[in-house]
Structures are given as structure tokens and as C-alpha cells.
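In: what follows is a protein structure lacking sequence information:
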């Protein structure tokens, strides 16, 4: 075969395959090649849980704060850094990276009685869900 004819066939099949994929998947080409938003945590669908909610203020008893990062489609976001701040007490871990399931566990203790208000952030996104732990 002629080299020009072969190169025209290759170009034709490339254009045809792109056209065919756009028609079959019914998505614009820019959506097919754009970066995915699956790895961006959502401030509203992510979860913050703690257990126990009442802890002795002896500096040794601790509560576990579990953070579950989710994206807008409620799918887990793994390998993402998470930080937890508290109005009372000491958090043992400053920043953790989520597992592939989107989970990170923090531990908090306090020597002062009162209520610790917990705030969580990830990638400069403050999670809307707040939680409180009572130290007595």
C-alpha cells in the first residue's frame, strides 16, 4: 500500500473512533478528557463521629473521633489529608491521611472538665458537621 493512503486510513479511523465514542457515550469530548472531581471532599456529605461522647477529664481517658471523607456523590475519598481542631483538650494526631475507604481516626484527651467542640477540615474545606465531646 501507499504510505499516504495508510496515513489517511489511520487519521480516518482516529476521527471515526472519537466521533463514535461521543455518540455512544452521549457526552461531550471535554467531559471525557477532563480531570475527575471524585477526589475532592464534600463539606456536606462527609461525616464526623465520636465515641464515647462523655469522657473522664483525667488526661488518660480518650475519645476516638472518626472522620469519613466523602465526595459530592457520597463516595469515599482516600489518600486525603484531614486535620481536627478542638476548643478543649489535646488531640494526639495533628494531621492524618485517609485510608482508601476515606476514614481517619483521631484521639482526644483532656485534663480540664468541659465541652470540647470539634471542627474538621480537609484541603482548605471546613466540614459543616460539628461534634461535641463532654469531659467530666
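Out: Everything's here; your move. Please read these numbers as outputs of a predicted model, since none were measured by experiment.

In: partners of the strand or helix carrying residue 133, with directions?
Out: Residue 133 is located in strand 131-135, with elements delineated by DSSP states H and E. Strand 131-135 has the following strand partners under DSSP bridges: strand 54-55 (parallel), strand 114-122 (antiparallel).

In: next secondary structure after the worst-scoring helix or strand of the chain on mean pLDDT?
Out: Within the chain, no helix or strand scores below helix 29-33, which has a mean of 55 by mean pLDDT, DSSP states H and E. Sequence-wise, the next helix or strand downstream of helix 29-33 (DSSP H and E) is strand 47-51.

In: helices or strands next to that next one in the packing?
Out: Strand 47-51 makes packing contacts with strand 63-68, strand 114-122, strand 131-135 when contacts are defined by 3 or more CB pairs under 8 Å, 6 or more residues apart in numbering; DSSP states H and E. Every C-beta, even on glycine, is put in place using the N, C-alpha and C of the backbone.

In: again, 10 Å this time
Out: In this structure, strand 47-51 packs against strand 63-68, strand 103-109, strand 114-122, strand 131-135, with contacts taken as 3 or more CB pairs under 10 Å, 6 or more residues apart in numbering; DSSP states H and E.

In: tell me how far the last one is from the chain's mean position?
Out: The reference is to strand 131-135. With CA atoms, centre = their mean, to the nearest Å as the basis, strand 131-135 stands 23 Å off its chain's centre.

In: who touches it?
Out: Here strand 131-135 makes contact (CB atoms under 10 Å, 6 or more residues apart in numbering) with 47-59, 61-67, 84, 86-89, 108-120.

In: hmm, 7 Å instead?
Out: Contacting residues not belonging to strand 131-135 are listed as 48, 50, 53-55, 57, 63, 88-89, 108, 110, 112-118 [CB atoms under 7 Å, 6 or more residues apart in numbering].

In: repeat for the first one
Out: For strand 63-68, contacts defined as CB under 7 Å, 6+ apart pick out 46-52, 55, 82, 84, 102-108, 118, 120, 133.

In: restricted to buried residues, select those in PyMOL.
Out: In PyMOL, this line selects whichever of the contacts of strand 63-68 come out buried by 16 or more other CB atoms under 10 Å:
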select buried, resi 46+47+48+50+55+82+84+102+103+104+106+108+118+120+133
